[in-house]
Structures are given as structure tokens and as C-alpha cells.
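Engineer: Got a predicted model here, sequence first, then my questions.
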Amino acid sequence: MRLAVEEARKGLGFTAPNPAVGALVVKDDHLLGKGWHAKAGQPHAEPLALRDAGEAARGADLHVTLEPCCTHGKTPPCTEAIKAAGIRRVFIGCTDPNPAHAGRAYAILREAGIEVFEEILSGTCQELLRAFARVQRTGIPYVSLKLATSLDGRIADAAGTSRWITGPESRERVQAFRREVDAILVGTETLRRDNPSLQPRPAEGHRPWRIVPDRTGSLPLTLKVFSDENRDRTLCLLGPEAPADREQALDPAGVAWMRVPAGPEGLLWAEILPELAKRSMHHILCEGGGKLSADLLSLRLVQEILWFQAPMLLGQGGRPAIAADILFAEAPRLRRTAFEALGDDLFARYLPTSS
Ligand SMILES: [Zn+2]
């Protein structure tokens, strides 16, 4: 199953609205075939692994990270392909998070006389599916919040300088996270100040969407997100007060836009995020700044915090990672699930205790 997970990981960032899935065909400890789902509309991992194994699949075992599909979508049901290939045993990583389908494949396969083993390495397999599962269950994207701070929790000095607080190992890890998500979100002021390109390096391969909040429609169109070669992967969020001709300014550049609601404190993220999920943005990496991070945290819309902490101190004039006053009693409580030294920096992953 670990090998099947490795196969599945190749599809991360590419498969939405489908999940990343990997499959292997194995007989007598020999690997006969493998497959991974590359893109919605293209074959699922199971038929690819079965095709790779060919006739040798007869009487073999199939290992797959997610319960096979059993309904006709853009491709025929995988349960039928498994039956037709003569597979003897199926090992499944985790159950389909869609309540309408959960467990149905188990029954279909068992009725066909196939032995089914459920929840193999299920923690790892569920982790792979966490964004897909959240959208299936709630209609809201999975939001990872990346923070790159000094030891005293600052993301820039008093003058606004922020490059670079963290070291090259941390920044390379951020690139790896960018390659696995559907979209990258940053706050308006960060865009204005840092003019980031928000694409993973190297430039070829996966190009996540860049979500650009521009409530008043006043961000300069010379910013990289509006003018570089990836501008067709920018989605601009225009608030109600953005001028009507702003859309005509974005269209010729090929920049996508949508009108979004706003309140007195800013954009209404609780209403906006489900709209992003409908556009197949299931996993969103938020890279700050302080106000956006505070807004998403206060709305309980952050599912994990990826915290890079550099051995540096920026003092009280520096910009805080979370630009909000939080009372002790209302402080979000977190649970640490990973901890690692990256060069001179520390990396930790935290999950909110409420989720
Ligand atoms: Zn399938």
C-alpha cells in the first residue's frame, strides 16, 4: 500500500475535482502492474494498473488507496473492471468519503466472490484525500495556512522587508507544498508589497491557480499575477465596490475574475470558499499576510498550519503573522502532528483541535 500511495502522490495538484489515487497489481510478492489517476476524465488508477498487468492480473491481488468507484461517471465503474480482470483479493486504503458511495464497492466486490480487505494504511491514505474528503463532506475547500516567521512570530520587519526570513531548505519545502495544491491564496497587501509570482519552481509542470483578493479593484495590473506567462491561472476576487470597468481591464489579459461579497471588515470568506470549491479548487494554500491569516483562523476555515520558524528576531515593530487581538479564552488551540529541522529553521505542522 505504501507503493500505491507513492503512485497516487504523482497526481496531487492535478486531479481535482477527483482525488489522487494509486493502485498496484501484485501476485506472489511480484509487482505486475501499477497506475495512478492523472486528471479528471482520464482513466482511474485501477484500470491503468490492470492494463499494465495484462492477463497476469487473473488471480492476482489489487491494492488501491481509495475504495473503487462503482457508478458510471466520465469513466466506467472500476468495480466492473476489477471483476472482469479476474482479481482474487482487493486491499483498500480507505472508504469513499462520499456518503452516497461509501462502502458500496465492498459489497459489489464481495458478491462477485472477491475477498476485500478494508482500511489498509488508512491514516496515510486518508491524508492523501484530505482535501477531496473535506469538499465531499462540507462543500468547503481544505485550507493550509503557511507561515514563515521569525522566532518572535513576525513575517516582516517594521519597514516591511520580509525576504528572506527563512532559509533555502524551508523555501524549497514551500515549493513542494505549492506543487501539491489546486490554488495559492495571498492577501491584497502582500500582493501589493511583495509582487510575488506564487508559482512553484521549476516553471514547467503543475500550475496552481493564484487567488488574488482585490476588494476595491485597485491592485496595479503590472503585478506579476496579472502580467506574467501564468496570468491565465489567476483568479481575481472583485468586491462590490470594485469599478465596473475593472472586469474589462482583466479580460484582455486572460485573467479570470469573479464578483464576491464583502462586509465592513473585508471579503466574506465563508461565502467565497464554497464558490472556489465549485471551481475545483479543493486544496488551497494560503501564504498570508497577517490580516488574511487572522480572518481565516477566526472563521475556523483553516485545516492545517504549516509553520516555518527562522532563528531571527524582528521585535515589536515587525509585522505579526496573525494581525488580530485574540483573547486567551478564544485562542485557537492547535495540536502538533509533525516537527522537523530544515537547515537552521524549524518546521512544524499543526491541526486545529476542533477539527
Ligand atoms: Zn474508478
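Structural biologist: Structure's in. What do you need?

Engineer: Would you enumerate the residues in contact with the residue nearest the centre of the chain?
Structural biologist: The chain has His283 as the residue nearest its centroid, 2.6 Å off, counting by CA atoms, centre = their mean. Going by CB atoms under 8 Å, 6 or more residues apart in numbering, His283 touches 13, 16, 130-131, 141-142, 144, 180-183. C-beta coordinates here come from the backbone N, C-alpha and C atoms, glycine included.

Engineer: Serialize the residues you listed to CSV and add fields for pLDDT, distance to Ser162 and secondary structure.
Structural biologist: Compiled in CSV, the contacts of His283 are given as follows (pLDDT from 0 to 100; distance: CB to CB, whole Å; DSSP: H, G, I helix; E, B strand; the rest coil):
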residue, pLDDT, distance to Ser162, secondary structure
Gly13, 91, 26, coil
Ala16, 92, 30, coil
Arg130, 96, 29, helix
Ala131, 96, 27, helix
Pro141, 98, 26, coil
Tyr142, 98, 26, strand
Ser144, 98, 19, strand
Glu180, 93, 24, helix
Val181, 96, 21, coil
Asp182, 96, 25, coil
Ala183, 97, 22, strand
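
Engineer: For these, which entry has the maximal number of neighbours?
Structural biologist: Highest neighbour count within the contacts of His283: Pro141, with 29 neighbours (other CB atoms under 10 Å).

Engineer: any idea how far that one lies from the ion?
Structural biologist: Going from Pro141 to the ion by CB to the ion, to the nearest Å gives 23 Å.

Engineer: Could you find the closest non-adjacent residue to Leu3?
Structural biologist: Excluding the flanking residues, the one nearest Leu3 by CB to CB, 6 or more residues apart in numbering is Leu24, at 5.7 Å.

Engineer: and Leu285, that's in a helix?
Structural biologist: No - using DSSP: H, G, I helix; E, B strand; the rest coil, the secondary structure at Leu285 is strand, not a helix.

Engineer: My guess is it contacts Ala176. True?
Structural biologist: No - counting by CB atoms under 8 Å, Leu285 does not reach Ala176; the two are 10.9 Å apart.

Engineer: neighbour count winner among the two?
Structural biologist: Using other CB under 10 Å as the criterion, Leu285 and Ala176 rank with Leu285 on top: 24 against 9.
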